[in-house]
Structures are given as structure tokens and as C-alpha cells.
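Asker: Fold the following for me, if possible:
(4 chains)
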Protein chains: 2
Amino acid sequence: MPDVKHFDPDAVLEQVERLFWQRGAASTGVAEVVAATGLSRSSLYATYGGKQDLYVKALTRYVERRSEPVFQALATDGRGLPAIAAFFDRLIEARCAGEHARWGCMVSNAHAEGADPEVRRVLDRHQDRLRTAMRTALEAAGPQLRPDTDLDAAAELLTLLAYGVNLRSRAGADAAALREGVTAALDSLRPAAA
Amino acid sequence: MPDVKHFDPDAVLEQVERLFWQRGAASTGVAEVVAATGLSRSSLYATYGGKQDLYVKALTRYVERRSEPVFQALATDGRGLPAIAAFFDRLIEARCAGEHARWGCMVSNAHAEGADPEVRRVLDRHQDRLRTAMRTALEAAGPQLRPDTDLDAAAELLTLLAYGVNLRSRAGADAAALREGVTAALDSLRPAAA
DNA sequence: GCTATCTTGGACCGACCGTTCCAAGTTTGG
DNA sequence: CCAAACTTGGAACGGTCGGTCCAAGATAGC
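Answerer: Next up is the predicted model:
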């Protein structure tokens, strides 16, 4: 018998996600969310809860719909170092040009904001998934790596590097410089040229 | 003839710096600054200007009094890779334990906040100084490095890595994991063991 | 000790914050 | 076509925001 929602909750959540991604949680007001989505406050609160719930939902959506598919592609690529290089190439491209240029990564941005435990769990999961995908890609690299390479440690290194790239890109870092840093990391993992 | 300030402007600025460092600019109100410093709003505004000016001054103080002395030590150390290892050891120690544990780096945190151009200049300068110091330390490393090492690229890599460490430490990353990532970076820069 | 000059405390400002609430509107099962 | 169940727009809430202002206090040259 009841009335039904007059909007698509996930489509709206995507708009909210972009808003929080670009401008940060603390500096985005509910009024802006209302303006960007076209929803009324009532619908917003009835559907998603308060601002913090909304932010967590948007952040979770970001991780699930944007980050994790890319991590999955990295883990299943199978080419080894070229897969990792492609991951970073696309990352830098997305961070420095196009629709989301200078937005950084919503998860990286979230690191610098509040210490909410619910948010932190999302952050830790993101880091864990990325590191695991890196580790899998490194396993596939096999002889492309120096024989003494510690795969876990290298995966951690590459994960931290990705966060560094995300962070610096938000402040407008030059894409070429970021690529240079990534290249140095990958080159240093390779065996010395004969 | 005039009256004189009843407080030490730099000592107060240090308290403000700590407040913004720990809690971020957007989520710290002027009322909290007033409470933390014991100053009145009048003195605050007369001495430092508005909140944004105050934040920029605090951030600048952080860079000049906390970051750059460490960069200077890194650049003049002369030991090469051990100097870089020591830099990261102290960084991770400071980020994960003691008085400022889980505060991250105020500059790294600032990356994720506003896009204010004045702030951005401070950020870029910070990055430039760190990269330059890294480059100097790498030059001193000489034969500790693989002969084909691109020093500029390696300096960029280590700089991005430092930002990654800063970011993850704020979210509570395990110090041992961070050390592992750093060790992987330094090991991969070394020539293969004979 | 008077006075010019600056500082200080704190009341006060309008704007905006996140949130609540309710009357009106919409849908659907009967 | 009614009525129960839900959504919706928008007014309204108390609280907090950054910022201003002024009377009272402190200082130092004279």
C-alpha cells in the first residue's frame, strides 16, 4: 500500500560520493548535498540516516564500486610487473586528468579527516585489499623480480606508494613526476640488467 | 606608549599548530583555539588574522620548525642509505608512538583538505625540500646503490613513500608493516648481493 | 600622573550547521 | 474510491560557526 521512493537511492548515493570525494566530509554541508542531489532533507534522512551515515555509505560505495574492481583486475592480470605498471599508469591518469582530476582518492582523503572507527575499518579494508592484490601480482611476476625479493614487503611498499601518489595528486602534483617515482620503484624491483 | 602583548605569539602559535595538526583545519573551531590557547578572540584576530590566516601560519610553522630541520639533517648526514633508513625509522617512530602518535603529518593531512592556493604553495615547497634532501642523500650513497639508479626518480619514489607512511600512520597502521615497506624500498635500491 | 596607544575580555552578530517535524501529496491493496 | 503506508517539500529548531565591536585595562613616553 505504501508510497514508493521517487528516486534511485544508488544513483543519488553516487552523486553524494562525488561531492564528498571532491570536497571532503567536514567541508561539505547537508545543504550542498540537498542542492546537488535535488532531494529534500526528509528523503535524505529517511533513506540514509544522518550526515555521518551518509558519508560512510558514500565511502563504502567508493571502495566497492571504484577501488575493488581495479584491485581485482590487478590481482587477476597475470602479467606480473606490467600489470602493476598498468595499474599505476591508469591511477596517475585518473588522478591528474579527466573528470576527477585533483580529487585525489576518496579513501586517501579520508585518512586525513576524522578518526571515526567505522570509517577506519573501511580504510583498513581498502589497504588490505590493495596490498593483497599487489602481492598476487608480484607472485605472478616471478623471474621479473630480483631473486631475493620479499614479496610481502614489496607489496607493502607499492601500496604505500599508491597512497603517496593519491595524496600528492590532490595537491596538483605533476603526472610526469609521479610516473617517474613509480618507474623507479618498478625498476628497482627488477634484476640488474645483464 | 602602547600596551604590549600579554603572551608569546610563537608559543601560542605552537599550540594552535598542534590543534590543527591533530584535528584538521575544517573540524577545528575558533572556539576550540580560544579554549586551548587561553587567549581571547580579540587577541587572536588582532595577532594572526582570521581562521584561515591562522591555519596557514600554523602550517608554515610546522614546515619550518618540524619538517625542514629533519630534511636538513637528512641532506647533510653523508652516510647515504643509512641516513635515509634513519630518516624513515625516526619518522615511523614519531608517527606511531609518543606524543604525536596517530596525528599523521600536518602537511600530508593538509593535502586532503582544502585547495587553497596559499596552502598549496606550502605543500609544494614541503615536497620539493624533501625530494631535494632525498636526492642529496642518494648522491652520498654512491656505490651503495645499483649502478643504473636514476637518482632523481629514486628521490621522487622515496618522497612519495614518506607521504604514504604519513597517511597510513594517521589511520593507525602498524609500525612494523610500515618499516617493512620502507625496508623493501631501500633493499631494492641496493645492488644484488654477491 | 596624565594621556595616547595598544591589548584584552567577552558580549554580540548574522549565517550556517545538522537535525526534526508535520502537513500535504502519492501510491497501492482492498 | 477509500484508506493505510509511505514519501515529500519546506518550515523551523537549537546550536555552533567565523568574525566584529566596544568598554575596560594595561603600558610607556612625557
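
Asker: buried sites along the lengthiest helix in chain A?
Answerer: The helix that spans the most residues within chain A, counting by DSSP state H, is helix A:117-141. Neighbour counts over helix A:117-141 (16 or more other CB atoms under 10 Å in any protein chain shown) mark A:119-120, A:122-123, A:125-127, A:129-131, A:133-138, A:140-141 as buried. From N, CA and C alone the C-beta is placed, and that goes for glycine too.

Asker: now stretch A:9-22
Answerer: Across stretch A:9-22, burial judged by 16+ other CB under 10 Å covers A:12, A:13, A:14, A:16, A:17, A:18, A:19, A:20, A:21, A:22.

Asker: again with stretch A:184-194
Answerer: A:184, A:185, A:186, A:187, A:188, A:189, A:190.

Asker: Please, which helix or strand holds residue A:100?
Answerer: When elements are assigned from DSSP states H and E, residue A:100 belongs to no helix and no strand.

Asker: Show me which residues of chain A sit near DNA strand C.
Answerer: Listed as neighbours of DNA strand C in chain A under the rule CB under 7 Å from any atom of the strand: A:1-4, A:28-32, A:41-42, A:45, A:50-52.

Asker: how many degrees apart are the next helix or strand after the longest helix of chain A and helix B:151-170 in direction?
Answerer: The C-terminal neighbour of helix A:117-141 among helices and strands, as given by DSSP H and E, is helix A:151-170. Counting by axes from the mean of the first three to the mean of the last three CA atoms, to 10 degrees, helix A:151-170 lies at 90 degrees to helix B:151-170.

Asker: Can you give the distance of the next helix or strand after helix A:151-170 from its chain's centre?
Answerer: The C-terminal neighbour of helix A:151-170 among helices and strands, as given by DSSP H and E, is helix A:175-189. Once both centres are worked out by CA atoms, centre = their mean, to the nearest Å, helix A:175-189 turns out to sit 19 Å from its chain's centre.

Asker: Could I get the average pLDDT for helix A:175-189?
Answerer: Throughout helix A:175-189, pLDDT has a mean value of 98.

Asker: residues in contact with it?
Answerer: Helix A:175-189 has contacts (CB atoms under 8 Å, 6 or more residues apart in numbering or on different chains) with A:81, A:84-85, A:88-89, A:92-93, A:95-97, A:141, A:144-146, A:149, A:154, A:157-158, A:161, A:164-165, A:168-169, B:146, B:148-150, B:152-154, B:156-157, B:159-160, B:185, B:188-189.

Asker: Go again with 7 Å.
Answerer: Helix A:175-189 is contacted by residues A:81, A:84-85, A:88, A:92, A:96, A:145-146, A:149, A:154, A:157-158, A:161, A:165, A:168-169, B:150, B:152-154, B:156-157, B:160, B:188-189 when judged by CB atoms under 7 Å, 6 or more residues apart in numbering or on different chains.

Asker: Quickly note the distance from residue A:51 to DNA strand D.
Answerer: Applying CB to the nearest atom of the strand, to the nearest Å, the value for residue A:51 to DNA strand D is 12 Å.

Asker: Which residues in stretch A:107-120 does the neighbour count mark as buried?
Answerer: Buried, per 16+ other CB under 10 Å, within stretch A:107-120: A:107, A:108, A:109, A:110, A:111, A:112, A:113, A:114, A:119, A:120.

Asker: Point out the ones among those that are inside helices.
Answerer: Using DSSP H, the subset of those located in helices is A:107, A:108, A:109, A:110, A:111, A:112, A:119, A:120.

Asker: of all the residues you listed, which comes closest to DNA strand C?
Answerer: The closest of those to DNA strand C turns out to be residue A:119 (CB to the nearest atom of the strand; 14.5 Å).

Asker: Now do the same contact list for that closest one.
Answerer: Going by CB under 7 Å, 6+ apart, residue A:119 touches A:56, A:59, A:110.

Asker: What is the nearest of those residues to chain B?
Answerer: When the contacts of residue A:119 are compared for distance to chain B (CB to the nearest CB), residue A:110 wins out at 7.7 Å.

Asker: if we can go back for a sec, make TSV out of the ones in helices among the buried residues of stretch A:107-120 and add pLDDT.
Answerer: Output for those, formatted as TSV (pLDDT from 0 to 100):
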residue	pLDDT
A:107	98
A:108	98
A:109	98
A:110	98
A:111	98
A:112	94
A:119	97
A:120	97
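
Asker: If we only consider those, which is nearest to residue B:64?
Answerer: Distance to residue B:64, by CB to CB, is smallest for residue A:112 among these, at 20.8 Å.

Asker: Identify the residue nearest the closest one in space, chain neighbours excluded?
Answerer: Among residues not flanking residue A:112 along the chain, residue B:112 sits closest, at 3.5 Å (CB to CB, 6 or more residues apart in numbering or on different chains).

Asker: if we can go back for a sec, and the angle from the longest helix of chain A to helix B:175-189?
Answerer: Angle of helix A:117-141 versus helix B:175-189, following the same axes, to 10 degrees, is 30 degrees.

Asker: Now residue A:104: which helix or strand?
Answerer: Here residue A:104 is assigned to no helix or strand, by DSSP H and E.

Asker: follow-up on the earlier one: in ChimeraX, how would I select the buried members of the contacts of helix A:175-189?
Answerer: Per 16+ other CB under 10 Å, the buried members of these correspond to this ChimeraX selection:
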select /A:81,84,85,88,92,96,145,146,149,154,157,158,161,165,168,169 /B:150,152,153,154,156,157,160,188,189
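
Asker: List the residue ranges of chain A that fall below the pLDDT cut-off.
Answerer: By pLDDT under 70, the low-scoring segments of chain A are A:1, A:194.

Asker: Would you tell me which residues of it are close to DNA strand D?
Answerer: For chain A, the residues in contact with DNA strand D (CB under 7 Å from any atom of the strand) are A:1-7, A:39-43, A:46-47.

Asker: Pick out the most distant pair among these.
Answerer: Among the residues of chain A next to DNA strand D, the pair separated by the greatest distance (CB to CB) is A:1 and A:41, at 25.0 Å.
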